[in-house]
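A.B. asks: Dropping the sequence and predicted coords here.
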Amino acid sequence: MKKAKIYIPTKTAMQSGLSKSNKWVLEFNTENKHLNPLMGWETSSNTLSEVRLEFTTKDLAINYAKKNNISFDLIEPKKRKLVKKSYADNFIK
């Protein structure tokens, strides 16, 4: 049986904005990992581990997984705590 995880990817260290953090990703789990003897890279005989599907909403991703008999783990994003700061706060003590 196929196993996948559904999540919103975190932003990279090179990003400061949140513009591309609204897509949900369905990514299949890698099974039977082994090292390629020639190059030393980690490989798998399962090509589904290379598939990464993007969805605009969580419901679309869940419906796709259920429709195609894919068991999945749903990873909910953590809410960011926004702290409003003012430039003047740097000089007040």
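C.D. replies: Happy to help now that I have it. Numbers count the residues shown, from 1 in each chain.

A.B. asks: Check the offset of the helix or strand of the chain with the lowest mean pLDDT from the chain's centre.
C.D. replies: When the helices and strands of the chain are compared on mean pLDDT, DSSP states H and E, strand 42-44 comes out lowest with a mean of 76. Distance of strand 42-44 from its chain centroid, counting by C-alpha atoms, centre = their mean, to the nearest Å, is 20 Å.

A.B. asks: How about that strand, which residues are buried there?
C.D. replies: By neighbour count with 16 or more other C-beta atoms under 10 Å, strand 42-44 contains no buried residues. C-beta: built from backbone N, CA, C; applies to glycine.

A.B. asks: for the chain, what are the low-confidence residue spans?
C.D. replies: 1, 15, 18-20, 93 (pLDDT under 70).

A.B. asks: What segments of this structure are helices?
C.D. replies: 58-67 (DSSP state H).

A.B. asks: distance of Glu76 from Glu50?
C.D. replies: Computed as C-beta to C-beta, to the nearest Å, the Glu76 to Glu50 distance reads 25 Å.

A.B. asks: and if you look at Thr56?
C.D. replies: Distance, Thr56 to Glu50, using C-beta to C-beta: 22 Å.

A.B. asks: Can you tell me what sits against the least confident helix or strand of the chain?
C.D. replies: Thr30, Glu31, Asn32, Lys33, His34, Leu35, Asn36 (C-beta atoms under 8 Å, 6 or more residues apart in numbering).

A.B. asks: What does the last one show for phi and psi?
C.D. replies: This points to Asn36. phi -70, psi 120 (degrees, to the nearest 10).

A.B. asks: cool, the first one as well?
C.D. replies: Summarising the backbone geometry of Thr30 under the convention degrees, to the nearest 10, its torsions are phi -90, psi 130.

A.B. asks: ok, now which ones touch it?
C.D. replies: Ser44, Asn46, Ser49.

A.B. asks: Many thanks, we can stop here.
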